[in-house]
Structure formats: C-alpha cells, structure tokens
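*Asks:* sequence and predicted structure below; questions after.
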Amino acid sequence: MSVSWNSGEVDWALAGEPERDFERWMSNAGLSGDVTSFRERLALRILAFAVDVLPESIKKEYWDDLAEVRGIDPQASRSLTRTEKLIKDELAVQAVHGENLTAKDYKYFHFLPKFVGRVLPGKSTLQWSSRCWKEVTASFERSEDAWKLHVKVAKALHLICYEVFGLFTASHFRVGSFSTPIGGQKTFTFEMGPLTEAQTWDVDTLGLRVFAFHQNAIATVRSLLETALLFTPLHTKGVAPLAAKRNVDFLTKYMGIEMKKRTPPKDEFVLNESDIHSGDFFGVIRLDGLDSMLAFGMGSHTGHTTVALWEDGQLYVAESTVNGSYWPTNGIQRTPYRQWIAQAKAAGYAVVHAPLTEECRKIFNERAANEFYHRYEGLQYGYHALFTGWIDTPRDNYPCMPPYDSEDKECLVWELLEVGVPIVTRYIPSLEKPFLYAWNQHVTGSSFSNLSGTALYREALSKGMELASIPAVPEPDGVLYPSDFNNGTHAPSIAMVCDVFVCSIWKAAGLFKEIDDDFSCVEQTNLDVYQLNILEAPKQRPPSCVAADPDNDLCQLTGDYELHLPKLGQRSMYRHMQDKCPTEPPLYSRPADC
C-alpha cells in the first residue's frame, strides 16, 4: 500500500511493510479489539485524525463540539504516521491556495467516493471525465512481481482544482492527487509480495477499481470530522447536548424526520406495569451516530428495538444488545422493567411503547416466548446478521446522500464494500463477523466455510453469482453461525440483532401461525417489525402520558427529543415478507409484496 500526494508516489508503509503504518494508526486507539470496542473507538480515532491534519483555520470552527468529546484531547500533540504528516502538509497548502471551502448544508458522509470503473491488466483502458479534468485515462499492466497503474490527466476544467482518486484492489490501495492546471501522468505500483492465490486472482480477474472523491481533500476530511462528531456519544454514559443536536440535524436533513425538543414532565412518568403486556414493543433511538446511521439505512425512526415479557409476576424488557460505555450487559438479556427504564434514561434513550393489538395479545403464547428467551439467554449480539435484513437487493439498499435530486449522486456502492471488506478484515479480523460469515453462508451454504473475501468472490463467480448479490441472498431463520455465549461457551447458534430477536419472540409466541411461520425474522429491519399490523397505537392513552406528550400517538417513556413511529402497524404479514425490498432514502418506497 502507498499514498500518492501531488508529487510522485509516496510509500504508505515504513520500510516497505504496509501493515506497520496502518497497524500503528489503529493501535493509537486500540482498534484491533472486538467489534463492540472497535465501534466505540473508531469514531474517536477518526476524530483525532481529522483534528490532527486539518488546518487551524478550520479546526477553530469546531471547538465547542470538540469540548464535549470524552476520550481524546483535541489539543494534545499526538505522534503522526508518515501518511498523516503528508496529508497535514497537503491540507495546509490547500487551505491557503485551494478552492472555495464553504461548508455544505449536507455535511455528513460526503467523504464516500464515487465508483468510476474497473481497469484490467493488459486490457483496454478506462476513460472518464472528472470534477477537475475533462480527460482522465487509466491503464493497468502486470510484470513479474507487480502490477503498474498509469493515470493520465489532461484538459483542466478549472484553474484551481484538487482532484483525489482512490485506487483499490481487494489487497492494496493508493490515493492519488492531481492538481490543475497542468496535466500529466503518474504511475502507481501494486506489489504482488506475499499475496495469496485468491488475492492474485482478484487483481488479475476483477482488476483495479477506480473511485473519485466528490470534493477536494480538505473538504473530504472536513466531512469526515463532521460525521465522526455524530458518533462521540458511543464513548460516553449519556448523550451530550451538542452531539444530540447534531444527530437531530442529520435525521432531519437526510430523512425528513423532525424530532422536536421535548419538555419532560415535572413529575417522573413511568408507564404502569399493568398497561404493558407480554409481546408489547418498545422502540428506541439513542442520538449517538450509530442509531442515527442505522435508522438512515433502514428508513426507520428507531435504531434499537426491545420487547416486553412477563414471567413469574415480574415484567421484563428483553433485548439483543451489546455492553459498552452506556449499557452494562452483553447479548440476549432481560432486565426488570423499572430498572431498564432507569438505565435507558441514564443512557440517553428516547423510548416509546407500542402495544400488541387485542387479537394478537390473545394469541401471544407467553410460555413459549419465555422458553425461547431462556434457550438463547446470554447468546452474544448477532453481528453475523447485521446486514442480512437490510441488504435485500444488489443495488437498491445502499443509501445516497442528499441533495437527492443531484445529477452527481453520492452513494455507498457495492464496489466499495467489495474492496473495503477484504482489506479491513485482513488487519482487523474481528470485523469478519458482520460480513464474511454471512457471505460464506450465502455463497457456500455454510457460515463455517472460512473463505476469505477474495476466495468468496472466485467461488461466487464460478457459480454464476453476481458479486453484488452476495449480501442480498435471502436467508431463512435457523441458520447457524460460530457463536459465543456470555458464560464462555462457544457453539453454533442462530444470530439475532435487536429487531430479529423481537421478531423471533413474536414468532415463538405464535403470532405468524396464520402464514404457517413462513416468515424469516432475520430478513427484517427495525421498520419492518414495527410496521407489522400486529401492533397498534393505544385507543386511549393514560392521562399522564397525554400530559407529557400531547401530540404523540404513543406513550413516550424517556428522551429529551420526541420519538414518533408514523408507520406503526400499517402492513399485513405475508409469506417471504421483506426478502427482496429496496430501501432508498428519502422515501424508502417498496413494492407491496417484496
């Protein structure tokens, strides 16, 4: 791996070893741990990177936000990798001599690059027009011990314009910067080195994937900082006010969700246990970046879901979640109701209660639901199924960024995952869990096949599968994954994220018998489960609930901002429900029977 920044090609690695510089970058924040600690630390690591490389003239705009951040000192002097030093120097030059850097109205996630195309070794060249250049040409050739990419730019479209390209295989990456007005050619080398047979096959067969960033480097890093600030509450017990406000801004501008500031009742309001029955739904959102991002991807107003269960005269809130800075317990768990409410308030949750319909309440088999719960109690969070319910189609589930009527859309695309997952999992093996186990299941029929990303691509093509369809293969309930329990047991088990667990409780309790249980909970998202017409708003809310939130159809139990579920209970169940549904913002429209 290496980075090209303006003049010639600069090694990413120290002493020609790509792992050293990248691992050093990760180790500064302990990013090589498990998935849960990784997600908490990643935002802080990216935040530190952006603060370290951005010019002071830009950083000063963020001091109020950064003052809320816990876990890093934004003004500390940190040891930078060689790459970070190169980026910092380049951004300093751009700040003085670069393009107009006025912040966008839509400032989050605008660092995602656009996929331009593939160029194969020894085959025809790739040609395109870019943001800065009318003519860009890329050609790719193989020698005995390396591949070489030649990128030529010509006919500048602007006098001052900084172009950044991402140049990827599933084993390498380069970043090339081409500044106007003078054109020319640069050559990038991709060493064969210790690549596996499958990794070499990937480069020869799938080629070099070219991406173009939509903005110059300084604007891209600035968007990275704006986005990382969404996620800072992942590292704290509660949610700080500016972070919450930033997340509300994201949900409003990217999804059209209005979350008004709420005036909590003077007297503590807790819905009485007598108003809650087994199977009732609790919708949750924490304004911590992660929940907001999940809601954006799914078209949901929630980022987490839980379910009520009574047993032996005690009301519990049951859920699948992870422990961390704001939650004490990992995996499939239940917490006494009033204790759970106290924990939810401390964590900064917004929570609403949505009851089962009267008919479903009569059907709900409480004993069977509790038996299901006890069978899987302590099973760790089902990261393996994190994307199974969301990604149903090869192309129509990955979100685009606003403005949605733009001709040059900025979208997450399969090709970025195609190269990103093998590279990231190579250095952070714990991240195989959300991706490669399910991909192995979808391609080989077993989550235990243990094929790498590039080996999976080769296997998929040999079976005639489109690569982009790998995450989208419909999955039935009951698929076994390598799993861990909180008691230290390692055994094959099913994978359940929060909404899959809630749905599975309903399924065990008999709510889907009318369609012979021909319904895969693992294929559902948060929106999918609370849209089912097994739920309904209460016909009459308790007076204390109405007094606290007069404009909400549901009882809101906690939260500084209003949480509404406008699509609650609107869809009837059917066989193979939600197996192949698109989820594209801002409308998230879908066929009636997808």
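*Replies:* Nice, thanks for sending it over.
*Asks:* shaky segments in this protein?
*Replies:* Within the chain, the segments meeting pLDDT under 70 span 1-34, 100-103, 265-268.
*Asks:* against which helices or strands is the longest helix seen in it packed?
*Replies:* Across the chain, the longest stretch assigned as helix under DSSP state H is helix 35-53. Contact here means 3 or more C-beta pairs under 8 Å, 6 or more residues apart in numbering; DSSP states H and E; on that basis helix 35-53 packs against helix 18-27, helix 82-97, helix 217-230. Where you see a C-beta, it was placed from the backbone N, CA and C, and this is true even at glycine.
*Asks:* pick the most deeply packed of those.
*Replies:* Ranked by mean neighbour count, these are led by helix 217-230 with a mean of 23 (mean count of other C-beta atoms under 10 Å).
*Asks:* could you redo the helices and strands packed on helix 35-53 as JSON lines and give each row distance to C594?
*Replies:* As requested, the helices and strands packed on helix 35-53 are exported to JSON lines (distance: least, C-beta to C-beta, whole Å):
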{"stretch": "helix 18-27", "distance to C594": "39"}
{"stretch": "helix 82-97", "distance to C594": "43"}
{"stretch": "helix 217-230", "distance to C594": "30"}
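*Asks:* mind checking which of those is nearest L467?
*Replies:* Set against L467 and scored by C-beta to C-beta, the helices and strands packed on helix 35-53 come closest in helix 18-27, at 24.4 Å.
*Asks:* what are the structural domain limits within this protein?
*Replies:* Residue ranges for the domains of the chain, per automatic domain parsing: 2-230, 242-379+498-558, 406-482.
*Asks:* G488 is nearest to which of these?
*Replies:* Nearest of these (C-beta to C-beta): domain 242-379+498-558, 9.8 Å.
*Asks:* which parts of the stretch 251-400 of the chain are strands?
*Replies:* Taking DSSP state E, counting those that start in this stretch, the strands of the stretch 251-400 of the chain run over residues 281-286, 304-311, 314-321, 331-336, 349-354, 400-401.
*Asks:* buried deepest among the ones you listed, which one?
*Replies:* By mean count of other C-beta under 10 Å, these have strand 281-286 as the most buried, with a mean of 26.
*Asks:* got the angle between that strand and strand 304-311?
*Replies:* On the basis of axes from the mean of the first three to the mean of the last three C-alpha atoms, to 10 degrees, strand 281-286 is oriented at 140 degrees to strand 304-311.
*Asks:* what pairs with strand 281-286, and is each one parallel or antiparallel?
*Replies:* Using DSSP bridges, the strands paired with strand 281-286 are strand 304-311 (antiparallel), strand 349-354 (antiparallel).
*Asks:* do you know which of these lies nearest A509?
*Replies:* Among these, the nearest to A509 by C-beta to C-beta is strand 304-311 (9.5 Å).
*Asks:* so which of the helices and strands packed on helix 35-53 is nearest D392?
*Replies:* helix 217-230 (25.3 Å).
*Asks:* by contact count, what packs against the closest one?
*Replies:* Packed against helix 217-230 by the contact rule (3+ C-beta pairs under 8 Å, 6+ apart) you find helix 35-53, helix 82-97, strand 162-168, helix 241-255.
*Asks:* repeat the analysis, applying 6 Å as the threshold.
*Replies:* On a contact count with 3 or more C-beta pairs under 6 Å, 6 or more residues apart in numbering; DSSP states H and E, helix 217-230 meets helix 35-53, helix 241-255.
*Asks:* can you lay out those as TSV showing distance to G389?
*Replies:* Formatted as TSV, the helices and strands packed on helix 217-230 follow (distance: least, C-beta to C-beta, whole Å):
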stretch	distance to G389
helix 35-53	17
helix 241-255	18
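*Asks:* N440 is nearest to which of these?
*Replies:* Evaluated with C-beta to C-beta, the helices and strands packed on helix 217-230 place helix 35-53 nearest to N440, the distance being 17.1 Å.
*Asks:* what's the first helix or strand after the closest one?
*Replies:* As assigned by DSSP states H and E, the chain's next helix or strand after helix 35-53 is helix 56-59.
*Asks:* can I get that following helix in CSV? Just the C-alpha atoms.
*Replies:* C-alpha atoms of helix 56-59 as CSV (Å, rounded to 0.1, in the frame of the first residue of the first chain):
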residue,chain,number,x,y,z
GLU,A,56,-6.2,25.6,12.5
SER,A,57,-8.3,28.0,10.5
ILE,A,58,-10.9,25.2,10.1
LYS,A,59,-10.5,23.4,13.4
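*Asks:* in that helix, what counts as buried?
*Replies:* I58, K59 (16 or more other C-beta atoms under 10 Å).
*Asks:* tell me which residues are up against it.
*Replies:* For helix 56-59, contacts defined as C-beta atoms under 6 Å, 6 or more residues apart in numbering pick out A95.
*Asks:* let's have the chain start at 124 instead
*Replies:* OK, 124 is where the count begins now, so the last one is helix 179-182.
*Asks:* before we move on, back to that, of all the helices and strands packed on helix 340-353, which lies closest to I593?
*Replies:* Among those, helix 158-176 comes nearest to I593, with 20.0 Å by C-beta to C-beta.
*Asks:* export the domains of the chain as TSV, with columns for distance to A715.
*Replies:* Below are those laid out as TSV (distance: least, C-beta to C-beta, whole Å):
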stretch	distance to A715
domain 125-353	30
domain 365-502+621-681	12
domain 529-605	18
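*Asks:* how about the ones you listed, which one is nearest H613?
*Replies:* Set against H613 and scored by C-beta to C-beta, these come closest in domain 529-605, at 7.4 Å.
*Asks:* so T310 touches V274, yeah?
*Replies:* No - here T310 does not reach V274: they are 7.8 Å apart, not a contact under C-beta atoms under 6 Å.
*Asks:* okay, these two: which has more neighbours?
*Replies:* Applying other C-beta atoms under 10 Å to T310 and V274 shows that V274 carries more neighbours, namely 23 against 14.
*Asks:* give me the three-state assignment for that one.
*Replies:* State at V274, reduced to three classes by DSSP: H, G, I helix; E, B strand; the rest coil: strand.
*Asks:* so what's it up against?
*Replies:* Listed by C-beta under 6 Å, 6+ apart, the contact set of V274 reads A261, K309.
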